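Peer 1: compute the structure for the input listed below.
(chains A and B)
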Number of protein chains: 2
Amino acid sequence: MVLTKKFIYAKRVEGEPKETDFSLIEYDLPVALNNGEVFVEAIYHSVDPYMRVAMGNHPIGTTMIGGQIARVVESRNDLYPKDSIIFGQLGWQTHSIFNPVNNKDSIQTYVLPSFGELSVSLGLGALGMPGNCAFFGFLTVCKPRPGDVVVITGAAGAIGSLAGQIAKLKGCKVIGLAGSEDKCNRLINELNFDHAINYKTQNIPQTFQQMAPDGIDCFFDNVGGTTSVEIIYKMREFGRICVCGSISSHNSDASTVSPVRIVQPAFVTKQLVMEGIQAWQYADKWMDGIQQMLEWVSDGKIKCCETVTHGFESLPKAFVNMMKGGNFGKAVVKSK
Amino acid sequence: MVLTKKFIYAKRVEGEPKETDFSLIEYDLPVALNNGEVFVEAIYHSVDPYMRVAMGNHPIGTTMIGGQIARVVESRNDLYPKDSIIFGQLGWQTHSIFNPVNNKDSIQTYVLPSFGELSVSLGLGALGMPGNCAFFGFLTVCKPRPGDVVVITGAAGAIGSLAGQIAKLKGCKVIGLAGSEDKCNRLINELNFDHAINYKTQNIPQTFQQMAPDGIDCFFDNVGGTTSVEIIYKMREFGRICVCGSISSHNSDASTVSPVRIVQPAFVTKQLVMEGIQAWQYADKWMDGIQQMLEWVSDGKIKCCETVTHGFESLPKAFVNMMKGGNFGKAVVKSK
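Peer 2: This next block holds a predicted model:
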């Protein structure tokens, strides 16, 4: 028996998530493994915007979803040896027993490659789902060319901060949007962005007129809503838009989000392409993405920013804070 | 000297175009050709929705733009022999002298291939720009597979009526939207569409729930606006959207069009792709498109519907009528 903690959905979420949307449960997990099963203990938990959407879809009383980095404590599965470090979509719980899907294209659980001296927490960020969304999404959908003007919304977030740095590596001019002066300064000073826009205080069309007078080639969108439409109308012919998220509408019923100007005229006039992505569509080349990102991070070409909160019990607070924009880079929670 | 008629922009258009937005001018055109020049007389003129957008961009007093099918009356250009039938982007005028661009990728002017017993007016429709927008746009962007559910807005228009028939040839289930009962009946009875929706009287989300309960794979959009957003939210994972036009906003300043629900959540959730197209991006394979469409039309596999108005002086009336949805299929004006 192992004393295990988990968070469950306490009630149906409405609007911005609150700490009281979750209940902490403690229970004794019997550790008696069947053949093929693995027993793991969480080290780091992830809090991500997509979880807000998922909260609306799961029954009250079930375990909150979420990825974690965990250590294998006991194993009856040769592919998951004792003491190996894994990623698992195991939810907000401290200990888990599971039988890994034996499918190379599944990214539900997998053993991490060695990160050398880097923190295993990066397996939730630059060397995991956010990294691969930035890597595959930006490169395959936005198709950046040297000199292209690239705009990133949610640029200070887990995925945006990486997509912008990848764009710089590809020789692009990068403009990031974020929600505070401090974030904007860090994008420029720490992450090498060319420009940053505080979308809460600056006039977006006017600012683009100055920063990108000839228009925008690539748009990596984590936010959606009015800002995205204003950016779309500033794009150049044959511009490419990757829709990775729509956090502006995550806290609302989609039918109640503020209406926006239609985008079809811009699509026809400029012959734009827009594509929505999700991480799992890159599952068959997942490790290739992680290896490339690992190389860039190890060489210092990409900086990993993390906002770390401590203690399993802090998960709801860290999640609520991240949804309010309180993080810079990847928000994670260290379990102990 | 040849007495020539043309229409010029009489004033700045506002809202729906009116016949009084144009002035008829008569003048004597001196026919003295330089080497390389061609003198042509119009047979058929085209009226198309895109012209409404162009009207806002051209100076008052200049000739109204537009494609025409014309006969070469005199030629000092071996590529355009006397009596050959050409397409030319020559504007609303009865006679023209021009020096063809000697560039195989230009579609400003070209000699039509032989249409056999078919009307040369089809060079403005199924065997011209609308045909190639439907052919290349639908096939390359929507990537139809047999059994796919395909939705076409503006389905009774020049391009939509062809895109729907191409979709049927590819084994798809085709649902067309149009603005009257009569058009809906003709889509089903004459053009072999599976379903038709009168967008002015039917509830679109409810109707799709019945006609396409498992969702939509391909969306060929000529209209934009609220209807398009409702369709986008009914799409299936990895759905493909070709934005060929946005006629719902053609009569308005884009900033005054009724705002709509944001589409980014649908793009992320369903990993949709949307691409805007224009005819000229297919210029390098233009004749291949015409040849394939010619084969289908000659074999009776695609029906060409035309709404023909007679007399050059009727051009403004025919254009205004087409913009109000008065046409079924391609709207053309016979010059004499």
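
Peer 1: residue A:224 is in contact with residue A:246, isn't it?
Peer 2: Yes. With contact defined as Cβ atoms under 8 Å, residue A:224 counts as touching residue A:246 (3.4 Å). All C-beta spots, glycine's among them, are computed from the backbone N, C-alpha and C.

Peer 1: ranges for the helices of the stretch 51-200 of chain A?
Peer 2: A:129-132, A:158-169, A:181-189 (DSSP state H, counting those that start in this stretch).

Peer 1: closest one to chain B among those helices?
Peer 2: With Cβ to the nearest Cβ as the criterion, chain B lies closest to helix A:158-169 of these, at 11.8 Å.

Peer 1: send me the closest one as CSV with only the CA atoms.
Peer 2: The C-alpha trace of helix A:158-169 is given here as CSV (Å, rounded to 0.1, in the frame of the first residue of the first chain):
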residue,chain,number,x,y,z
ALA,A,158,5.2,27.3,-22.9
ILE,A,159,4.7,26.8,-26.6
GLY,A,160,5.0,30.4,-27.9
SER,A,161,8.3,31.0,-26.2
LEU,A,162,9.8,28.0,-28.0
ALA,A,163,8.1,28.7,-31.4
GLY,A,164,9.6,32.2,-31.3
GLN,A,165,13.1,31.0,-30.6
ILE,A,166,12.8,28.3,-33.4
ALA,A,167,11.8,31.1,-35.7
LYS,A,168,14.9,33.1,-34.8
LEU,A,169,17.0,30.0,-35.5
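
Peer 1: in it, what counts as buried?
Peer 2: A:158, A:159, A:160, A:161, A:162, A:163, A:164, A:165, A:166, A:167, A:168 (16 or more other Cβ atoms under 10 Å in any protein chain shown).

Peer 1: give the contact list for the third one.
Peer 2: In other words, residue A:160. A:134, A:152, A:153, A:154, A:176, A:220, A:222 (Cβ atoms under 8 Å, 6 or more residues apart in numbering or on different chains).

Peer 1: any stretches of chain A with poor pLDDT?
Peer 2: Low-confidence segments of chain A (pLDDT under 70): A:102, A:253-255.

Peer 1: which bits of it sit near chain B?
Peer 2: A:53, A:221, A:223-225, A:228-229, A:233, A:243-246, A:248-249, A:254-255, A:257-278, A:281 (Cβ under 8 Å from any Cβ of the partner chain).

Peer 1: take these and keep only those in strands.
Peer 2: The members of the residues of chain A next to chain B that map onto strands under DSSP state E are A:221, A:243, A:273, A:274, A:275, A:276.

Peer 1: count the neighbours of residue A:238 for me.
Peer 2: Using other Cβ atoms under 10 Å in any protein chain shown, residue A:238 is surrounded by 14 other residues.

Peer 1: please report phi then psi for it.
Peer 2: phi 60, psi 30 (degrees, to the nearest 10).

Peer 1: tell me the contacts of it?
Peer 2: Counted by Cβ under 8 Å, 6+ apart, residue A:238 has contacts A:270, A:271, A:272, A:273.

Peer 1: the residue of the stretch 101-250 of chain A found nearest chain B: what's it in contact with?
Peer 2: Taking Cβ to the nearest Cβ, chain B has its nearest neighbour within the stretch 101-250 of chain A at residue A:224, 3.2 Å off. Neighbour list for residue A:224: A:243, A:245, A:246, A:247, A:248, A:249, B:262, B:264, B:265 [criterion: Cβ under 8 Å, 6+ apart].

Peer 1: from these, which is closest to residue A:68?
Peer 2: Looking at the contacts of residue A:224 and their distance to residue A:68, the nearest is residue A:245, at 20.6 Å (Cβ to Cβ).

Peer 1: most surrounded residue in the contacts of residue A:160?
Peer 2: residue A:152 (36 neighbours).

Peer 1: who does that residue form a beta bridge with?
Peer 2: Following DSSP bridges, residue A:152 is listed with bridge partners residue A:176, residue A:220.

Peer 1: what's the distance between it and residue B:53?
Peer 2: 31 Å (Cβ to Cβ, to the nearest Å).

Peer 1: equivalent analysis for residue A:331, please.
Peer 2: Residue A:331 is 45 Å from residue B:53, by Cβ to Cβ.

Peer 1: residue A:40 looks like it's in a strand, true?
Peer 2: Yes. Using DSSP: H, G, I helix; E, B strand; the rest coil, the assignment for residue A:40 is a strand.

Peer 1: ok, now which ones touch the closest residue to residue A:242 other than its chain neighbours?
Peer 2: Take residue A:242 and drop its neighbours on the chain: the residue closest to it by Cβ to Cβ, 6 or more residues apart in numbering or on different chains is residue A:141, 3.8 Å away. Applying Cβ under 8 Å, 6+ apart, we find residue A:141 in contact with A:240, A:241, A:242, A:273, A:275, A:277.

Peer 1: so residue A:2 sits against residue A:29, correct?
Peer 2: Yes. Taking contacts as Cβ under 8 Å, residue A:2 lies within contact range of residue A:29: 4.9 Å.

Peer 1: got the CA coordinates for stretch A:25-32 in CSV?
Peer 2: What follows is stretch A:25-32, C-alpha atoms only, in CSV (Å, rounded to 0.1, in the frame of the first residue of the first chain):
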residue,chain,number,x,y,z
ILE,A,25,-8.4,12.9,-2.3
GLU,A,26,-6.0,10.6,-0.4
TYR,A,27,-6.2,6.8,-0.6
ASP,A,28,-4.2,3.7,-0.2
LEU,A,29,-3.0,2.3,-3.6
PRO,A,30,-2.3,-1.4,-3.4
VAL,A,31,1.0,-2.1,-5.2
ALA,A,32,0.6,-5.6,-6.6
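
Peer 1: neighbouring contacts of that stretch?
Peer 2: By Cβ under 8 Å, 6+ apart, stretch A:25-32 touches A:1, A:2, A:3, A:4, A:5, A:6, A:7, A:8, A:39, A:74, A:95, A:97.

Peer 1: how about the nearest residue to residue A:128 once chain neighbours are set aside, what does it touch?
Peer 2: Distances taken as Cβ to Cβ, 6+ apart place residue A:87 nearest to residue A:128, at 6.0 Å, with adjacent residues excluded. The contact partners of residue A:87, taken as Cβ under 8 Å, 6+ apart, are A:67, A:68, A:69, A:70, A:107, A:109, A:110, A:112, A:123, A:124, A:128.
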